[in-house]
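Chemist: I need the structure of the sequence given here:
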Amino acid sequence: MNKIVLGLLLGLVLGALDGLTSLATGSEEVKKEIVTIVIGSSFKGLVAGALAGWFARKVDSVALGVLFGFVVALAFAYAIASMPAVDGKHYYWQIMIPGSIVGAIVGFATQKYGKRSASSAR
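Modeler: Residues are numbered from 1 along each chain as shown. Modelled structure (predicted):
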């Protein structure tokens with residue numbers, strides 16, 4: 001599978017799972033907002049996955065791919081976490097830790113398992 005497509009799909013799926021992990025808090029507010037959380041997390045994973053796939057096409061290094069995915073996803077997660085919840089609280093660690101882990105996984109997978117397209121292999 002093409003590295004960008006792999007990044008898109010894996011980012012989407014892992015982003016959705018990342019959003020669903022928020023249910024583990026048991027908070028009523030989270031339960032009310034779960035659809036929005038999952039959609040936002042999926043979109044964040046989709047964009048970070050596309051960027052990780054693009055990077056994997058340009059740079060052939062698993063370590064740099066993991067680092068790139070981690071940093072990109074961390075930046076997106078920070079942007080989301082910096083927006084306060086309805087009660088005014090910020091959930092930096094709860095959003096940034098799983099988000100950056102998803103980015104690192106996607107960065108690894110795009111480097112390790114993604115295939116170069118015929119035009120980028122030259």
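
Chemist: does residue 87 touch residue 28 like I think?
Modeler: No. Residue 87 lies out of contact with residue 28 (CB atoms under 8 Å); the separation is 11.2 Å. The C-beta positions use only the backbone N, C-alpha and C, and glycine is treated the same way.

Chemist: any idea how many residues pack against residue 87?
Modeler: By the criterion of other CB atoms under 10 Å, residue 87 has 6 neighbours.

Chemist: I misspoke; the intended subject was residue 65.
Modeler: Residue 65: 26 surrounding residues under other CB under 10 Å.

Chemist: tell me the secondary structure of it, please.
Modeler: Judged by DSSP: H, G, I helix; E, B strand; the rest coil, the three-state class of residue 65 is helix.

Chemist: contacting residues for it?
Modeler: By CB atoms under 8 Å, 6 or more residues apart in numbering, the contact set of residue 65 is 52, 55, 56, 59, 107, 108, 110, 111.

Chemist: secondary structure element for the residue nearest to it when sequence neighbours are not counted, which one?
Modeler: Ranked by CB to CB, 6 or more residues apart in numbering and with sequence neighbours excluded, the top spatial neighbour of residue 65 is residue 111, at 3.5 Å. Using DSSP states H and E, residue 111 sits within helix 92-113.

Chemist: what pLDDT is listed against the residue most central in space within the chain?
Modeler: What sits nearest the mean C-alpha location of the chain, by CA atoms, centre = their mean, is residue 45, with 3.2 Å. Among the per-residue scores, residue 45 shows a pLDDT of 94.

Chemist: what do you get for residue 83?
Modeler: pLDDT, residue 83: 89.

Chemist: tell me the SS of the nearest residue to it once chain neighbours are set aside?
Modeler: Excluding its sequence neighbours, the residue lying closest to residue 83 (CB to CB, 6+ apart) is residue 90, at 7.9 Å. What three-state DSSP gives for residue 90 is coil.
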